[in-house]
Every structure is written in structure tokens, then in C-alpha cells.
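Engineer: Next one to model:
(one chain, ligands or ions: 2)
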Amino acid sequence: MTETPGIVVTGASGRMGQMLIKTIQESDTAHLVGALERPGHDWVGRDIGVAMGGSEAGLLVTDDPLEVFAKAQAVIDFTSPDASVAFAGLAAQARAVHVIGTTGFEDHHLAVFKAAARHATIVRAGNMSLGVNLLTQLTKKVAAALDEDFDIEVIEAHHNMKVDAPSGTALMLGEAAAEGRGVDLKDVRDSGRDGITGARKRGDIGFTAIRGGDIVGEHDVLFAAAGERIVIRHMATDRRVFSRGALKAALWGQGKAPGEYDMLDVLGL
Ligand SMILES: NC(=O)C1=CN([C@@H]2O[C@H](COP(=O)(O)OP(=O)(O)OC[C@H]3O[C@@H](n4cnc5c(N)ncnc54)[C@H](O)[C@@H]3O)[C@@H](O)[C@H]2O)C=CC1
Ligand SMILES: O=C(O)C1=N[C@H](C(=O)O)C[C@H](O)C1
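Structural biologist: Ligands and ions are numbered 1, 2, ... in the order given. I've put the predicted structure just below:
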């Protein structure tokens, strides 16, 4: 019998790390070969099943990426921008597909992924759910159909522990709207209004970030004109939509040529 691909989950104790581990353990298409946490984390050295509050899984959490990546066919990584950049080189060395869900990247981080993807298979997306990726396509279509009489605003809401804004998803939606309009988001992005901002500039794409409680992730794309408004909305109520998407990406990436892919490639959208 052929063995299923072995997966390492980085950031194992995190909100997404734990959801990913459950999703892999429940799956019959992949198996968990490693759970990684940052050095000094109190889960390092503990059994992952017990640390998650369940029964023994027979796998100890490690802080040594080299050792676990060597056993893996894929690394699923929802951590921090600097950690994901470090893992890109190590996953490439291990010839493991690197699925990156982390958000909050700056241009210098993205340049590292671009370079790594010359030799490695990377699947990266600010949102791994089917619903959001479909929403990006709808956003692009609606933006292409409407002119600048319609002001575009992306409004997102997340839990109070989220550290980056606008969310990775909001930026994906903003990029899709800009693409539909045939402009570069860098030229029209308007984030973080505060104080006497002046009237809204025609053609800008605005971003608003709400943070509170345990909101999993909600995104609206608003097209507002004189006399009418269109709102396209996605609401995630369960992190499984992200972990299932990430696992799908890890499996899809097996045997793919080196390159930087996204969830539109994985989902065929
Ligand atoms: N693309 C998507 O579909 C989604 C992306 N995210 C993104 O995933 C990231 C993580 O989100 P959460 O799980 O909510 O955060 P979290 O803070 O609960 O978890 C992050 C984990 O990464 C660990 N970590 C940090 N540096 C590390 C290192 N060098 N080595 C190993 N582990 C390390 C932390 O100790 C922590 O346990 C964020 O950037 C978030 O925006 C979250 C949900 C869905
Ligand atoms: O941090 C989160 O929680 C989420 N992050 C992603 C983002 O930045 O868009 C995806 C999802 O909305 C949850």
C-alpha cells in the first residue's frame, strides 16, 4: 500500500496550528509527521495530542525545523512573516511543498518567496477557503463592470488577537478589485483613515479593519455609488475552512513543478 504524504505543521500550538493538526489527524489522505513550535515555547518536548488536551499521539513537539522537514512531503505554515521566510529556505532544501497561510508580509518577505520558488513548490494565499477565493473572482468581475462612480471599500473584521491589518484576505480582495479596474492597488490604496482626511479621492480603494472578541474572519467588498450600493460578503465561522484548504493545497502540490502558486491554482478557479 502507498503511504499518504507526511505533513509537518509549524506554529503547532497556534489557533490555526491546532486546527491543522486535527484536520490532518482526521484525514485519510495525509498523515502528521511533525509539529513545530518556536524555541522556548512550553509545548516543545511534549506529546502533541496531550498538549492539545487529548490523548497521546506518539509525536513530540519539536523546535528543530531541519530535523522534521527532512521527514515531510509538505510543510503547512501559519506562523509569522519572519518565521515563514526562514522556513521557505528549509522546506526547499528538504524538497517539501511549502504551504504558506501566514499574512502580514512586506515586499522584502515576498521577494524571498519569489526567489525560493525558482527551486521549490510554494502555495501561498492570505485565505485558504473556497468561499473567499470565489469572492475574489466575483470582486474582479464586479469591479470590471462598474466605473469609478462606484467607490470600492473593503471592510474586514477579526478576533482581538490578530496582529496584522488590513487582513491578508482584505488585500487579496483589494488586489482583485484593482485588477478588475485595470489599476495598481499600490496607486489607489487608502488604509487607516483618521483625523481630517479630506474628501474621498475618486478611484481609491479603501480598507477598514475591525478587531473584537472571537470573530473568525468576515469580509465585505462594498461598491457604493449615488443612489445604490452592492455588497459582496464572506463570513467564516469555523477555522476548518482554512485548514481543509491548506491540506488540499499540500496534496495538490505533490509532484508539481517549482513555482509560487495560490489557491486559485489549487481550486481551479
Ligand atoms: N491564509 C489563511 O487562510 C489564514 C491565515 N491565517 C494567518 O495565519 C497566521 C497565524 O494565525 P493564528 O494561528 O491565528 O496565530 P497564532 O498566534 O495563534 O499562532 C501562530 C503560532 O506560530 C508560532 N510561531 C511563531 N514563530 C515561530 C517559529 N519561528 N517557529 C515555530 N513556530 C512559530 C507561535 O508560537 C504561535 O503558536 C497569521 O498570519 C494569520 O493571519 C489565519 C487563518 C487563516
Ligand atoms: O488571523 C486570522 O485569524 C485570519 N487571517 C487571514 C487574513 O489575514 O485574512 C485569514 C482569515 O481571515 C483569518
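Engineer: Looking at the closest residue to ligand 2 within the chain now. What's its pLDDT?
Structural biologist: At 2.8 Å from ligand 2, residue 217 is the closest residue in the chain, using C-beta to the nearest ligand atom. Backbone N, C-alpha and C define where each C-beta goes, glycine included. Note on residue 217: pLDDT of 98.
Engineer: just residue 142 next, same as before
Structural biologist: 98.
Engineer: go on, residue 2?
Structural biologist: For residue 2, the predicted pLDDT is 64.
Engineer: hang on, the earlier thing: quick one: pLDDT of the closest residue to the residue of the chain closest to ligand 2 other than its chain neighbours?
Structural biologist: What sits nearest to residue 217 in space, not counting adjacent residues and going by C-beta to C-beta, 6 or more residues apart in numbering, is residue 236, at 4.2 Å. Looking at residue 236, its pLDDT stands at 98.
Engineer: So residue 236 sits against residue 216, correct?
Structural biologist: Yes. Applying C-beta atoms under 8 Å, one finds residue 236 in contact with residue 216, separated by 4.6 Å.
Engineer: neighbour count winner among the two?
Structural biologist: residue 236 (19 against 16; other C-beta atoms under 10 Å).
Engineer: Quick check: phi and psi at that one.
Structural biologist: Residue 236 adopts backbone torsions of phi -90, psi 130, taken as degrees, to the nearest 10.
Engineer: for it, what are its contacts?
Structural biologist: For residue 236, the contacting residues are 129, 131, 132, 216, 217, 218, 242, by C-beta atoms under 8 Å, 6 or more residues apart in numbering.
Engineer: Near ligand 2, which residues of the stretch 101-250 of the chain? Just list them.
Structural biologist: Contacts of the stretch 101-250 of the chain with ligand 2, taken as C-beta under 6 Å from any ligand atom, map to 103, 126, 127, 158, 162, 167, 168, 169, 217.
Engineer: for the fourth one, what are its contacts?
Structural biologist: Applying C-beta under 8 Å, 6+ apart, we find residue 158 in contact with 167, 209, 210, 211, 215, 216, 217, 218.
Engineer: returning to that earlier point: so which of the contacts of residue 236 belong to strands?
Structural biologist: 217, 218 (DSSP state E).
Engineer: Contacts for stretch 240-247 next, please.
Structural biologist: Contacts for stretch 240-247 (C-beta under 8 Å, 6+ apart): 7, 16, 19-20, 22-24, 27, 29-30, 76, 78, 99, 101, 125, 127-131, 236, 263, 266.
Engineer: change it to 7 Å
Structural biologist: Applying C-beta atoms under 7 Å, 6 or more residues apart in numbering, the external contacts of stretch 240-247 come out as 16, 19-20, 23-24, 27, 30, 76, 99, 101, 128-131, 263.
Engineer: cool, stretch 23-41 as well?
Structural biologist: 4-10, 12-13, 21, 43-44, 48, 59, 61-63, 65, 68, 71-72, 240, 243-244, 247, 250-251.
Engineer: and if we set it to 6 Å?
Structural biologist: Defining contact as C-beta atoms under 6 Å, 6 or more residues apart in numbering, one finds that stretch 23-41 is touched by 4-10, 12-13, 43-44, 48, 61-63, 65, 68, 71-72, 243-244, 247, 251.
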